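> Fold the stuff below for me.
(chains A and B)
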Amino acid sequence: MNRRNFVAAAAKTVAAAGMAALLAGTALAADTIKLGAVAPKTGPLAGGSTVTHWPSIELWVKQTNDKGGLKLKDGQKMIELIEYDDKTDPGEHIKAVQRAITQDEVDFLIAPYGTGFNVAVAPIYAKYGYPQIAVTSISDLIGELTERYPGLFFTLGDTTSFVNGVKDILVKMRDDGVIGNKVAMVNVADAFGIELAEVARPIFTEAGFDIVYDKSYPLGTPDLSPVVKGAKATNPDAFVAWSYPPDTFAITEQAAIENLDVKAFYTAVATAFPAYGGKFGSKINGVLGAGGVNPDTPAIAEYRKAHKELMGQEPDYWASANTYASMQILGQAIEGVGSTDREAVTQYLKENEFDTIMGPIVFDEQVSNRFWTVGQWQDGVFRGVASSNMDGAVPVIAKSGWE
Amino acid sequence: MNGKEVQSLTAIIVCIIAAACFPLIADGYWMSIGVTAMMYMALATSWALFSGPTHYISLATAAFFGIGGYLVGTGMSDYDLSFWLMMAISAVVATVLAALIGLATLRLSGVYFVIFTLGLAEMIRNLVSWVQNNFLGSRGLYVLTDFTDADIYWMLLTVAAAVYLLGWLINRSRLGFALRIIGNDETVARHVGINTAWSKVLLFMTTGFFAAIVGAIIAPRYSYIEPNLVFKPELSFLVVIMALLGGTHRLWGPIVGVIPFTLLWEAISISFPNYTTLLLGLAFLLIVYFIPRGLIGLIEDLVERSRA
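The predicted structure is shown next:
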């Protein structure tokens, strides 16, 4: 074979293979529903997304496919999940979403992990008419965002209700005579940490609390003992840390070392991670944190069991369940419409009630008001103690020591 | 202006017009790749303006880029200021900062400068977080505009074109000549009476100015600004790699490097999502070892050989 023949033959082979791939693609597209998922698998947010986000999505897809898929008007269809890693980079994320929409032609997209990413892609979802059921996205701009993007739904509340949950618990403990008025507050000096501290100052003050210590620390600070020592020196009744995953662990560790003896101890993001309970064991009995679940309902118990069996790891005690519920909502909306008509599905989402592991969920002005705000470690389980419209909150207990 | 210069200027203008037509034919996906590529073209070309002739490797791109993105976020979100005003402010701030850094470090020889710029993005990120936390407060930095990807692309193209034309002018000026001498031998440059420190600082300020504008333009694309995402050190490295891949001894070198790298990066992201950092490091090594003069150098060598 001379060179020209070889090139021609090679070109033909490639072309044929390409055609075959294309044909296979269309054949597949006819019997499956394509779901696109873009979220961090690497980078700073991967630690959270691989606990909260990815396993719940994969679990739901697996369970749905095991049952034969989603029932549409023209028959039951399996789900094909197309996953991309955004490397915790908004630019990469946008590219991946565009790729999923225009190259893979996915039927629906699963909303991303993290507030920033949900806001960053909202214009793209809106432009192409994809509904976006955001879970791990907490913002005080929900009103403006939902007005701007008619397919954007929120399920985990806003910053103010997040902080109000903590305030309500502290007020309750004060009314019960467990704690006094003195609150020590620290925050991580980064986007969400600053925002929470900013919202909390007036809310705590208005509720009659005296913020005796108010300090921040830079993101990534390895040694948090000065912060904890400083808080301890003011002899507070309650300690609140608006913290991110790495510092949630570091602060707790320091508090135990310094024996920061407060009756109410709160750390924010990652307190609900199974790894947190695993690391500190009985020491953290009574620690309060962001999130919570009611593990005693049959639906949640079944979900947690399946998650552990099929994904090989425990879900967290907060947004994992919300993430799974968001998948249920999307699935039920698609089945309700009976096709992959995105506009009809978005409309269906706005008008119907959905039966999820979190209980019945409806969207009021694109916002679901069923979520947990504060949880507490009680005998190895992180149970919800404060919520918006959830049943099964347990009474809050006083923290007693770090043994 | 001689015939050759007219020719090259015409070629530049034709390329710019061709690039401006890209959004008319590209779909959403290719548009998003186009925006990314154009962003890196503007950054890599402005990086090469300074680092190409002087051989000072600057890792400060992320610092200036972050200033652009962060100031647009703060201004629009917390003070309701206009996007354009914040873009102008961020460019001024970055230029002043570049001047200060340049004056402090560029009198020293190469390695001190590299080390300093490496830590710069992190230092500024901490500084702005500290200011925001202690004095400004924040409710999240939202940059909500009606810009489409095409608008952002055209803005970036304008910046890239401006950088390019400026570089073209500098190359033909006394300053450009002075910089080339500095790059070859700084001692000689000083001895023939060139104010080396000031020439370097001036070019470094230009780099800072343009990187901040690029950061400002990208902010509406990110929509929600978090300091640790706009001050990402990885960006500085990517810019250096792309510029080196193209070749920094010609003004259009970085552009030649950006396009294949962006496409390669995309292919890697799709096929090997878990090994991108590893492959980035490998790419760096391979480029430095095997094509030290970049793709342009490779092309020039081939042309030379075919003539001979």
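> List, one by one, the residues from the stretch 151-300 of chain A near chain B.
Residues of the stretch 151-300 of chain A lying close to chain B by C-beta under 8 Å from any C-beta of the partner chain are A:159, A:187, A:189-192, A:194-195, A:197-199, A:216, A:218-219. C-beta here means a position set from N, CA and C on the backbone, and glycine is covered the same way.
> my guess is A:Asp391 meets A:Pro360, correct?
No: proximity of A:Asp391 to A:Pro360 does not meet the contact threshold set by C-beta atoms under 8 Å, at 10.9 Å.
> which residues sit in contact with residue 153?
The chain I'm using is chain A. If you count contacts by C-beta atoms under 8 Å, 6 or more residues apart in numbering or on different chains, A:Phe153 has them with A:131-134, A:146, A:349, A:363, A:366-368.
> if you could check chain B rather than the one you did, that'd help
Per C-beta under 8 Å, 6+ apart, neighbours of B:Tyr153: B:22-23, B:31, B:34-35, B:38.
> Next, format the residues you listed as a markdown table and append distance to B:Gly208, neighbour count and pLDDT.
Shown next, in a markdown table, are the contacts of B:Tyr153 (distance: C-beta to C-beta, whole Å; neighbours: other C-beta atoms under 10 Å in any protein chain shown; pLDDT from 0 to 100):
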| residue | distance to B:Gly208 | neighbour count | pLDDT |
| --- | --- | --- | --- |
| B:Phe22 | 28 | 18 | 90 |
| B:Pro23 | 28 | 19 | 89 |
| B:Met31 | 28 | 21 | 89 |
| B:Gly34 | 25 | 21 | 92 |
| B:Val35 | 22 | 29 | 92 |
| B:Met38 | 19 | 26 | 94 |
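> about what we covered before: what two of the residues of the stretch 151-300 of chain A next to chain B are the furthest from one another?
A:Thr159 and A:Pro218 (21.1 Å; C-beta to C-beta).
> Look up which helix or strand the spatially most central residue of chain A falls in, please.
A centroid search over chain A (C-alpha atoms, centre = their mean) returns A:Thr136, at 3.1 Å, as the residue closest to the centre. In this assignment (DSSP states H and E), A:Thr136 forms part of neither any helix nor any strand.
> ok, now which ones touch it?
A:48, A:52-53, A:113-115, A:118, A:156, A:319, A:322-323.
> so which of those would you say is closest to chain B?
A:Thr115 (6.5 Å; C-beta to the nearest C-beta).
> and that closest one, how many neighbours?
By other C-beta atoms under 10 Å in any protein chain shown, the residues close to A:Thr115 number 23.
> Surely it touches A:Phe192?
Yes: contact criterion C-beta under 8 Å: A:Thr115 and A:Phe192 qualify, at 6.8 Å.
> what does the stretch 151-300 of chain B have sitting close to chain A?
Neighbours of chain A within the stretch 151-300 of chain B, by C-beta under 8 Å from any C-beta: B:218, B:221-229, B:232, B:266, B:269-270, B:273-274, B:276-277.
> how about a cut-off of 7 Å?
Counting by C-beta under 7 Å from any C-beta of the partner chain, the stretch 151-300 of chain B comes close to chain A at B:221-224, B:226-229, B:269, B:273-274, B:276.
> Just want to know which of A:Thr159 and A:Pro218 has more residues nearby.
More neighbours surround A:Thr159 than the other of A:Thr159 and A:Pro218, with 21 against 15 (other C-beta under 10 Å).
> List the contacts of that one.
Going by C-beta atoms under 7 Å, 6 or more residues apart in numbering or on different chains, A:Thr159 touches A:138-140, A:195-196, A:199.
> give me that answer again for 6 Å
A:138, A:140, A:195, A:199 (C-beta atoms under 6 Å, 6 or more residues apart in numbering or on different chains).
> Once you drop chain neighbours, what's closest to it?
A:Asp140 (4.3 Å; C-beta to C-beta, 6 or more residues apart in numbering or on different chains).
> my guess is that neighbour meets A:Phe154, correct?
No: if you go by C-beta atoms under 6 Å, A:Asp140 and A:Phe154 don't touch, sitting 11.3 Å apart.
> neighbour-wise, which of those two wins?
More neighbours surround A:Phe154 than the other of A:Asp140 and A:Phe154, with 25 against 18 (other C-beta under 10 Å).
> what's the closest non-adjacent residue to the more buried one?
Leaving aside its sequence neighbours, A:Phe154 sits nearest to A:Val367 (C-beta to C-beta, 6+ apart; 4.8 Å).
> Which strand residues bridge that neighbour?
Counting by DSSP bridges, A:Val367 is bridged to A:Phe154, A:Asp364.
> Just give the number of residues close to it.
Count around A:Val367 with other C-beta under 10 Å applied: 18.
> Please tell me the pLDDT value assigned to it.
On pLDDT, A:Val367 comes in at 94.
> A:Asp379 too?
93.
> ok, the residue of the stretch 251-400 of chain A found nearest chain B - contacts?
Closest contact between the stretch 251-400 of chain A and chain B, by C-beta to the nearest C-beta, is at A:Val269 (13.8 Å). Contact analysis of A:Val269 by C-beta under 6 Å, 6+ apart lists A:244-245, A:290.
> What about those, which are in strands?
Members of the contacts of A:Val269 lying in strands (criterion: DSSP state E): A:Ala290.
> Scan the contacts of A:Val269 and report the most crowded one.
A:Ala290 (27 neighbours).
> pretty sure it is touching A:Ala268, no?
Yes: checked against C-beta under 6 Å, the pair A:Ala290 and A:Ala268 is within contact range at 4.6 Å.
> any idea how far A:Trp402 lies from A:Lys283?
Separation of A:Trp402 from A:Lys283 (C-beta to C-beta, to the nearest Å) stands at 5 Å.
> Looking at those two, which one has more neighbours?
A:Trp402 (21 against 16).
> For the more buried one, which three-state class applies?
coil (DSSP: H, G, I helix; E, B strand; the rest coil).
> what about the closest residue to it other than its chain neighbours, helix or strand, and which?
Closest residue to A:Trp402 apart from its sequence neighbours, by C-beta to C-beta, 6+ apart: A:Ala256 at 4.1 Å. Element membership for A:Ala256 (DSSP H and E) is helix A:245-258.
> Tell me which other helices or strands that helix touches.
Counting contacts by 3 or more C-beta pairs under 6 Å, 6 or more residues apart in numbering or on different chains; DSSP states H and E, helix A:245-258 is packed against helix A:225-233.
> burial measure for B:Ile194, as a count.
Neighbours of B:Ile194 using other C-beta under 10 Å come to 19.
> Is it correct that it is in contact with B:Ala178?
Yes: proximity of B:Ile194 to B:Ala178 meets the contact threshold set by C-beta under 6 Å, at 4.6 Å.
> between these two, what contacts are shared?
Residues touching both B:Ile194 and B:Ala178 by C-beta under 6 Å, 6+ apart: none at all.
> hang on, the earlier thing: need the contacts of A:Thr136 in a markdown table (columns: distance to A:Thr297, secondary structure and pLDDT).
As requested, the contacts of A:Thr136 are arranged in a markdown table below (distance: C-beta to C-beta, whole Å; DSSP: H, G, I helix; E, B strand; the rest coil; pLDDT from 0 to 100):
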| residue | distance to A:Thr297 | secondary structure | pLDDT |
| --- | --- | --- | --- |
| A:Gly48 | 24 | helix | 89 |
| A:Thr52 | 19 | helix | 93 |
| A:His53 | 22 | coil | 95 |
| A:Tyr113 | 25 | coil | 93 |
| A:Gly114 | 28 | coil | 88 |
| A:Thr115 | 28 | helix | 86 |
| A:Asn118 | 27 | helix | 92 |
| A:Leu156 | 19 | coil | 92 |
| A:Ala319 | 17 | helix | 93 |
| A:Asn322 | 14 | helix | 95 |
| A:Thr323 | 17 | helix | 96 |
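> Many thanks, have a good one.
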